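Visitor: Predicted coordinates and the sequence they were generated for:
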Amino acid sequence: MPEFPGGTVALMKFLAENIKYPEDARKEKAEGRAFIKFVVKSDGSISDIEVMKSTGNESLDKEAMRVVSLMPKWTPGTQDGKNVNVKYTIPLMFRMQ
């Protein structure tokens, strides 16, 4: 399986530091969980980002996709000793404080 540089803890830190709650979603008090699907390519880059399950708020979904697009290269997945493309899904939770 592919791995974010620094592992799961580093991934959670990256997401927390880079997600910006959209102002219109904040005004609407919109919350939800987006499931974002993407491909970690054989070179570690991220591609084919899409919302697999929506929060129900377009601004939150767009923000989730934006943050995923900012990710640095991952350590790619391997199969039989060769780097391969791997589909990956992560949940992103948006909750008002």
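Guide: Alright, I've got the coordinates. Small disclaimer: the values here were computed from a predicted structure and weren't measured.
Visitor: Lys73 against Glu3, yeah?
Guide: No. Between Lys73 and Glu3 there is no contact under Cβ atoms under 8 Å: 10.9 Å. Where C-beta positions appear, they are placed from N, C-alpha and C, glycine not excepted.
Visitor: Just say helix, strand or coil for the residue nearest in space to the middle of the chain.
Guide: Nearest to the mean C-alpha position of the chain, counting by Cα atoms, centre = their mean, stands Val68 at 3.7 Å. State at Val68, reduced to three classes by DSSP: H, G, I helix; E, B strand; the rest coil: helix.
Visitor: And it, how close does it get to Gln97?
Guide: From Val68 over to Gln97 the distance is 22 Å, taken as Cβ to Cβ, to the nearest Å.
Visitor: With Phe38 instead?
Guide: Counting by Cβ to Cβ, the gap from Phe38 to Gln97 is 27 Å.
Visitor: which of these two has more neighbours?
Guide: When Phe38 and Gln97 are compared for neighbours, Phe38 comes out ahead with 21 against 3, by other Cβ atoms under 10 Å.
Visitor: Run through the strands of the protein in chain order.
Guide: Applying DSSP state E to the chain gives strands spanning 32-40, 46-53, 77-79, 82-84, 86-94.
Visitor: model confidence over the third one, on average?
Guide: When you say that, I think you mean strand 77-79. The average pLDDT within strand 77-79 is 97.
Visitor: What are the contacting residues of it?
Guide: Met1, Pro2, Val40, Asn83, Val84, Asn85, Val86 (Cβ atoms under 8 Å, 6 or more residues apart in numbering).
Visitor: Mind listing the strands that strand pairs with, and their directions?
Guide: Paired neighbours of strand 77-79 in the sheet (DSSP bridges): strand 82-84 (antiparallel).
Visitor: and the gap between the residue nearest to Ile49 when sequence neighbours are not counted and Glu17?
Guide: Once flanking residues are discounted, Ile49 sits nearest to Phe38: 4.5 Å by Cβ to Cβ, 6 or more residues apart in numbering. Phe38 sits 19 Å away from Glu17 when distances are taken as Cβ to Cβ.
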